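In: using only what follows, build the 3D model:
(chains A, B and C)
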Amino acid sequence: MQILEGLNPEQEKAVKHFKGPLLILAGAGSGKTRVLTHRIAYLIQEYRVNPWNILALTFTNKAAGEMRERVDTIVGEHAGDIWVSTFHSTCVRILRRHIEALGYERSFTIYDSDDQRALMRDILKYLQLDPKKYKERAVLSAISSAKDELISPEQFEMRAQEDYAKKIYARCYREYEKRLHDSNALDFDDLICKTIQLFEENEDILSYYQNRFRFILVDEYQDTNTAQFRLISLMANTADDDGSILHNLCVVGDDDQSIYKFRGANIYNILNFESQYPEANVIKLEENYRSTQNILEVANAVIKNNSVRKEKALWTEKPKGDAIYYTQYLNEYEEAGCIADAIASVVSNGLASYKDFAILYRTNAQSRVFEEKLILQNIPYRIVGAINFYQRREIKDLLAYLRTIENGLDDISVKRIINVPKRGIGLTTIDRITNYAMEHETSFYGALQNYEYIDGISRSAAKLGSFVSLIESFKRHLAAPEYNLEDLLREIIEETGYVRLLKEEDSEDAEGRIENIEELISKVVAYEENCEEEPTLGGFLEEVALVADIDNVEESSDIVLLMTLHSAKGLEFPYVYLTGMEDGIFPSYASIMDDDAEAVEEERRLCYVGITRAMQKLSLSCARCRFRNGEQQFNRPSRFIDEIPRYLMKQCGGMAQAAKNSFPSDKFTVLDSNSVSRTSSTKQNTTNYSSSWNPTANKGAKKGGAMADSTSLFAGNPYISKGFGKNTSQTKSSSTVDYTVGDRVSHVRFGNGTVTEMKDTGGDYQVTVAFDGDINRKMMASFAKLKKL
DNA sequence: CTCAAGAGCCTTTTT
DNA sequence: GGCTCTTGAG
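Out: I've put the predicted structure just below:
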């Protein structure tokens, strides 16, 4: 039997399982996608299940696409009938067919977080709430959590009891729901919730889908929230041939990789699966096919500190592999610089190519320094996440035109473009139109169409009129046969002068925007060409609304990837840099301060995810200080570093001495050069700092040699490379500072000032200077290069 | 109505 | 440090 070939006994058991609920606890790198795809193939070929009856759910389009591809190759014919897609796309597909039953039109718009914020801003203004006390984000996140837990505005209000703030939230929630409905729009959470509502209120529709999806498979089950669980359990209620009810539900997940609590993910969905479905089979996949033994040992050592988890231990038949590298740098610039150097060096030695590397960090804000240093080294890279292509201003503007054409009730989109590009329609006019719309219970665009009847806008009337006729002409043209979406988009750009105005700006910024717009045009063209059904404006907008940045990462391009740990889930790389390993960064300050002790456990799971991305080499790093929110911050190494057994780690970088001085009470003791050579017996001696740690020195090393291989990963510390020798602490010891509190000093950039404070931070001074002109600055003595006057 | 400068907030993570 | 929103002058 070909389908079972190459599977281990546990995997085979999972693939062969037929009816009834199945929980597969799949550790990182244990081949879960393989099990899912082979299981689908087995269902079809061995159990004669109609492909049409299979639904596979994932969280990202990328995961769905990969599964689709693999299923297609094993299943071959009729694979297209299998429904493989994300939760959100699945729901949109269902809603596009049936949403009229809920009082929406099929052309509904999907609001992203920017739209949600714009809408909430309007609402807070309308309810005349103090914007200092009630923040859009806070209100929206309360609403989102409520929706994830399937709590309606009415239930929310009841629960608020006498809590004043909660009652206000409840009012916002209710108004928000009303406005979404009036705008014929759904937010991300609604896609799931409205589908549930549809099923619960329409038994015929539900039973259609129950019959259709006789076998349901869910990937990354640990990330499902309460609503998603409800959705799945509603559908997975299939009447068997003998009339008995079956739950043909196969979920795959790893509780140790549950990292989306902030998005409502309920880890107890996976922890309690067996009590929800007492008849469930449970299979554990613990053999890892991805990482070396050392990497796995580190991962296990960290994750075992969590109390809320199912006991399991990953193992592998792979060799021990390299030690895990750990370096404490002076600051984030040194960290990024050394990593960039190291990558350049490994690649130029032909040991790996750019695409083998990933730089991971906790927050998107950390990416900038890496970007800077990679550019310096001419290393091709791509930052994943940060700003999604479709969130860029110029793209959202043009999409707002398209959305206005598709769904005129979408007030947020109409308001976005009514004065973009500038048409001389100001805030006062917009407010008047809004009021008119309220009074006459019509949409903003509806009011706009009646502009002649609105009081007090005489001066802008002509402008409003031409805006309306512009939109109407777009609509008319689109209705014409032979006229396609590309024509429409080009016409919008032409008629509004959007690109022309950008060209007149003649700035670098504008140039980038024009490039993005060209990219958008090609995305429209690609959609029209690849679309499986008849391409429509609604179809395009839907596709665009549901893509994540990670979905657009192409495997073929040879570039270094930079991304958050969250984005990295599900990916693997030969070389992984886990950066910013500092208490306060990772685990985040918020999680450390959280009343709920489980908050740090979630961070630890995130750390586990990061570690298990690495196939061959894993490097951990932190910085003693870094800039955050405009000021310098000092952090001790992450508590997760403490949790890693020392014998697995190879301490790198010349900061050993400084680190020791700086954190004498830390549990983690920095290795000295002797213990480095002792613990790294599997490798050649690497204690000769001055030669082997210098990336330029490595260029002369024999290609593929163990030394170049293992040491070049860390380019070490700039003081050494620059030839200062081993006495690192000398270069910034107190002896070089000839000023003290009260002295007048001068700085290259900030000019003259007076020293107001000096703190010994272990090997260096943190100096606070009051510069003339009322600027106070904290800086490190070793970098500030202050001159005594 | 538009533009420029200043204030304030932010940074935990995203479909 | 940077982005967005507010404020005030033209």
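
In: run a quick neighbour tally on the residue in the stretch 351-500 of chain A positioned nearest to DNA strand B.
Out: The stretch 351-500 of chain A approaches DNA strand B most closely through A:G426 (2.2 Å), counting by Cβ to the nearest atom of the strand. C-beta: built from backbone N, CA, C; applies to glycine. Using other Cβ atoms under 10 Å, A:G426 is surrounded by 13 other residues.

In: phi, psi for it please.
Out: Backbone torsions for A:G426, taken as degrees, to the nearest 10, come to phi -100, psi -180.

In: likewise A:N184?
Out: When read as degrees, to the nearest 10, the backbone of A:N184 gives phi 50, psi 50.

In: wait, it sits on A:G103?
Out: No - using Cβ atoms under 8 Å, A:N184 makes no contact with A:G103, being 9.6 Å away.

In: that older thread, residues contacting the residue of the stretch 351-500 of chain A closest to DNA strand B?
Out: By Cβ atoms under 8 Å, 6 or more residues apart in numbering, A:G426 lies in contact with A:N419, A:S460.

In: more neighbours: which of A:N184 and A:G103?
Out: Remark: of A:N184 and A:G103, A:N184 carries more neighbours, 21 against 8, as counted by other Cβ under 10 Å.

In: any idea how far A:I123 is from that one?
Out: Note on A:N184: its distance to A:I123, by Cβ to Cβ, to the nearest Å, is 17 Å.

In: same question, A:G742
Out: 54 Å.

In: now do A:W315
Out: For A:W315, the distance to A:I123 - Cβ to Cβ - is 53 Å.

In: quick one: which of the two has more around it?
Out: Ranked by neighbour count (other Cβ under 10 Å), A:W315 and A:I123 place A:I123 first, with 21 against 13.

In: so what's that one closest to, chain neighbours aside?
Out: Spatial nearest neighbour of A:I123, chain neighbours left out: A:E175 (5.0 Å); criterion: Cβ to Cβ, 6 or more residues apart in numbering.

In: each with direction, which strands does the top strand by length along chain A pair with?
Out: In terms of residue count, the longest strand belonging to chain A (DSSP state E) is strand A:614-628. If you go by DSSP bridges, strand A:614-628 pairs up with strand A:324-331 (parallel), strand A:573-578 (parallel), strand A:631-634 (antiparallel).

In: ok so, going back, state the number of residues packed around the residue nearest to A:I123.
Out: Neighbours of A:E175 (other Cβ under 10 Å): 18.

In: quick check: it touching A:Y126?
Out: Yes - using Cβ under 8 Å, A:E175 is in contact with A:Y126, at 7.1 Å.

In: distance of A:D72 from DNA strand B?
Out: Here the distance between A:D72 and DNA strand B works out to 21 Å (Cβ to the nearest atom of the strand, to the nearest Å).

In: that residue: neighbouring residues, count only.
Out: 15.

In: which element is it on?
Out: Assessed by DSSP states H and E, A:D72 sits inside helix A:61-75.

In: go on, A:S367?
Out: Judged by DSSP H and E, A:S367 forms part of helix A:367-376.

In: show me what counts as buried in the helix or strand just after that helix.
Out: Next helix or strand after helix A:367-376 toward the C-terminus (DSSP H and E): strand A:381-383. For strand A:381-383, the neighbour count (16 or more other Cβ atoms under 10 Å) marks A:Y381, A:I383 as buried.

In: give me the most central residue, chain A.
Out: Geometric centre of chain A, nearest residue: A:S567, 4.3 Å, by Cα atoms, centre = their mean.

In: distance check, it against DNA strand C.
Out: Taking Cβ to the nearest atom of the strand, one finds A:S567 at 19 Å from DNA strand C.

In: now for the closest residue to A:R362 other than its chain neighbours: which residues touch it?
Out: Nearest non-adjacent residue to A:R362, counting by Cβ to Cβ, 6+ apart: A:F586, 4.1 Å away. Taking Cβ under 8 Å, 6+ apart, we find A:F586 in contact with A:Y361, A:R362, A:L565, A:G580, A:E603, A:L606, A:C607, A:S638, A:F640.

In: quick one: name the residues of chain A near DNA strand C.
Out: Within reach of DNA strand C by Cβ under 7 Å from any atom of the strand, chain A has these residues: A:R121, A:P131, A:R393, A:F627, A:N629, A:G630.

In: filter those down to the buried ones.
Out: Buried among these (16+ other Cβ under 10 Å): none of them.

In: of those, closest to DNA strand B?
Out: A:N629 (4.0 Å).

In: quick check, A:L786 in contact with A:F771.
Out: No - taking Cβ under 8 Å as the definition, A:L786 is not a contact partner of A:F771, at 10.7 Å.

In: which of those two has more neighbours?
Out: Per other Cβ under 10 Å, whichever of A:L786 and A:F771 has more neighbours is A:L786, with 22 against 17.

In: what is the burial count for the closest residue to the more buried one other than its chain neighbours?
Out: Leaving out its chain neighbours, the residue that sits closest to A:L786 by Cβ to Cβ, 6+ apart is A:V745, at 4.2 Å. Using other Cβ under 10 Å, A:V745 is surrounded by 20 other residues.

In: beta partners of A:V745?
Out: Applying DSSP bridges, one finds that A:V745 bridges with A:G753, A:K788.

In: is it true that A:S85 lies in a strand?
Out: Yes - counting by DSSP: H, G, I helix; E, B strand; the rest coil, A:S85 is part of a strand.

In: ok, it - contacts?
Out: Residues counted as contacts of A:S85 (Cβ under 8 Å, 6+ apart) are A:A56, A:L57, A:T58, A:A64, A:R93.

In: among these, who's most crowded?
Out: Of those, with other Cβ under 10 Å as the count, A:L57 tops at 28 neighbours.

In: thinking again about what came up before, the longest strand of chain A versus helix A:367-376: what angle between them?
Out: Computed by axes from the mean of the first three to the mean of the last three Cα atoms, to 10 degrees, the angle separating strand A:614-628 from helix A:367-376 equals 110 degrees.

In: gap between strand A:614-628 and the chain center?
Out: Relative to the centre of its chain, strand A:614-628 is centred 19 Å away, using Cα atoms, centre = their mean, to the nearest Å.

In: only alpha carbons, please: show it as CSV.
Out: This file holds the C-alpha atoms of strand A:614-628, laid out as CSV (Å, rounded to 0.1, in the frame of the first residue of the first chain):
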residue,chain,number,x,y,z
ALA,A,614,15.7,25.2,13.7
MET,A,615,16.9,22.1,11.7
GLN,A,616,20.7,22.2,12.2
LYS,A,617,21.9,25.3,14.0
LEU,A,618,20.2,27.5,16.6
SER,A,619,21.7,30.7,17.9
LEU,A,620,20.3,32.6,20.8
SER,A,621,21.2,36.1,21.5
CYS,A,622,20.4,39.1,23.7
ALA,A,623,21.6,42.6,24.2
ARG,A,624,22.5,44.2,27.5
CYS,A,625,20.8,47.4,26.5
ARG,A,626,18.6,48.5,23.7
PHE,A,627,16.6,51.5,22.6
ARG,A,628,12.9,51.2,23.3
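
In: thanks again, I'm all set now.
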